[in-house]
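**Student:** Next one to model:
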Amino acid sequence: MPENIINLLKKGTYANYADKYRQANLVFLPPDAELVATGDIHGHQHNFEKIIRFADLQNNPNRHLLLQEIIHGGPVDEEGGCLSYKLLFDAVEHKLRFPDQVHIIMANHDTTFINNGQVIKNGKEMNRSMRLAIDREFQENSHDIKTAITQFFFSQPLAVQCPNRIWLSHSLPADRYLDSFDKGIFFRELKFEDTAMPGSAYFLTWGRRHSQQTLDKMAEMLDVDIFILGHQRQQAGFSLAGDNLIIIASDHNHGCLLPINLSQSYTIQQLQDSIVPLASIA
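**Tutor:** Presented below is the predicted three-dimensional model:
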């Protein structure tokens, strides 16, 4: 029922803001915990189910799960419309089941939906594709569904900061926008214009191919040592994209996840050695 979906998304929006570890637009995780970090999911239901099984939050109350980029990919309807909003609903349900353990951070496809912009994936404009699929399924209720999705995306935190000096966000500002980026975005109320060009939430979620100089400047700015990001395609599932950067992807058969003990310090090589291929999860 559309009313149930709208209610689910409203509860998810509230849960994002009420997360006990959230301060403004950051999630600060505790030291006596574990984190399962994932990359872009893009509608990949099978990988999402593997991630949920691996995290096993029910039996691990001190474990946290980071999710990102749920939408735009995966199954399509008879008209070719993107059905990844169904996986978004599943992710929101998981957030509600474990409201202080599941953290879904803002990604560039989310900001595109918020602003009703365009984003091309595999030659297809995904935002229009998903919106039309929502229109076909929910008909006269589609406007309310899309509004509730927008509000949920807007309520998401921007990043997760770990006590062992690891930072996780969808991306970081591109080199050419670094001087325009305002780190105050993490510590104040988010505004709609922050998610559109030239807003700092937009810069944060859209940057690619960062130079080591930018990574070092961002590490100093945020007082962290290592970045774990998504956003950039990874055919092998992950890459070391700098002296202090790992990029992971969870949206294909070579996707992966990264378990992190938050009470332990890591080198970048130790983190790489900890990566778990999703194909290895039964």
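**Student:** Could you use CA atoms for every contact and neighbour count after this?
**Tutor:** Fine.
**Student:** center of this structure, which residue is that?
**Tutor:** Gln68 (1.8 Å; CA atoms, centre = their mean).
**Student:** List the contacts of it.
**Tutor:** If a contact means CA atoms under 8 Å, 6 or more residues apart in numbering, then Gln68 has Thr38, Gly39, Asp40, Ile41, Ile104, Ile105, Met106, Ala107, His170, Gly230 as its contacts.
**Student:** would you list every one of the strands in the chain?
**Tutor:** For the chain, strands defined by DSSP state E occupy the ranges 22-23, 26-28, 34-40, 63-68, 102-105, 120-121, 124-125, 159-161, 166-169, 226-229, 238-242, 245-248, 256-261, 276-277.
**Student:** Sketch out the low-pLDDT regions of this structure for me.
**Tutor:** Under the criterion pLDDT under 70, no range of the chain is flagged.
**Student:** thinking again about what came up before, please produce CSV containing the strands of the chain, extended by distance to Gln212.
**Tutor:** As requested, the strands of the chain are arranged in CSV below (distance: least, CA to CA, whole Å):
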stretch, distance to Gln212
strand 22-23, 29
strand 26-28, 24
strand 34-40, 21
strand 63-68, 24
strand 102-105, 24
strand 120-121, 27
strand 124-125, 32
strand 159-161, 20
strand 166-169, 16
strand 226-229, 12
strand 238-242, 6
strand 245-248, 9
strand 256-261, 22
strand 276-277, 26
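**Student:** circling back: now the contacts of Gln68: which count as buried?
**Tutor:** For these, a burial check counting by 16 or more other CA atoms under 10 Å picks out Thr38, Gly39, Asp40, Ile41, Ile104, Ile105, Met106, Ala107, His170, Gly230.
**Student:** Settle this for me: the last one is touching Asp40, isn't it.
**Tutor:** Yes - between Gly230 and Asp40 a contact is recorded at 5.8 Å, counting by CA atoms under 8 Å.
**Student:** Overlap in contacts, the two.
**Tutor:** By the contact definition CA under 8 Å, 6+ apart, Gly230 and Asp40 are jointly contacted by Gln68, Ile248, Ala249.
**Student:** Count the residues that sit near Ala282.
**Tutor:** The local packing of Ala282 (other CA atoms under 10 Å) involves 7 other residues.
**Student:** Ignoring the adjacent residues along the chain, who's closest to it?
**Tutor:** For Ala282, the nearest residue in space outside its immediate sequence neighbours is Lys50; the separation is 7.3 Å by CA to CA, 6 or more residues apart in numbering.
**Student:** and that neighbour, how far is that from Ile71?
**Tutor:** With distances taken as CA to CA, to the nearest Å, Lys50 is found 17 Å from Ile71.
**Student:** okay, the two: which has more neighbours?
**Tutor:** Using other CA under 10 Å as the criterion, Lys50 and Ile71 rank with Ile71 on top: 25 against 17.
**Student:** what's near enough to touch that one?
**Tutor:** Contacts here follow CA under 8 Å, 6+ apart; on that basis Ile71 touches Ile41, His42, Gly43, Ser84, Tyr85, Leu87, Leu88, His109, Asp110.
**Student:** which one of these sits closest to Asp144?
**Tutor:** When these are compared for distance to Asp144 (CA to CA), Tyr85 wins out at 13.9 Å.
**Student:** what's the closest non-adjacent residue to the closest one?
**Tutor:** In space, not counting the residues next to it along the chain, Tyr85 is nearest to Ile71; the distance is 6.1 Å by CA to CA, 6+ apart.
**Student:** Based on its surroundings, how many neighbours for Thr147?
**Tutor:** Applying other CA under 10 Å, we find 15 residues neighbouring Thr147.
**Student:** got it, and Glu189?
**Tutor:** Glu189 has 11 neighbouring residues, counting by other CA under 10 Å.
**Student:** What distance do you get for the nearest residue to it once chain neighbours are set aside to Gln139?
**Tutor:** The shortest distance from Glu189 to any non-neighbouring residue, by CA to CA, 6+ apart, is to Ala24 (6.5 Å). With distances taken as CA to CA, Ala24 is found 36 Å from Gln139.
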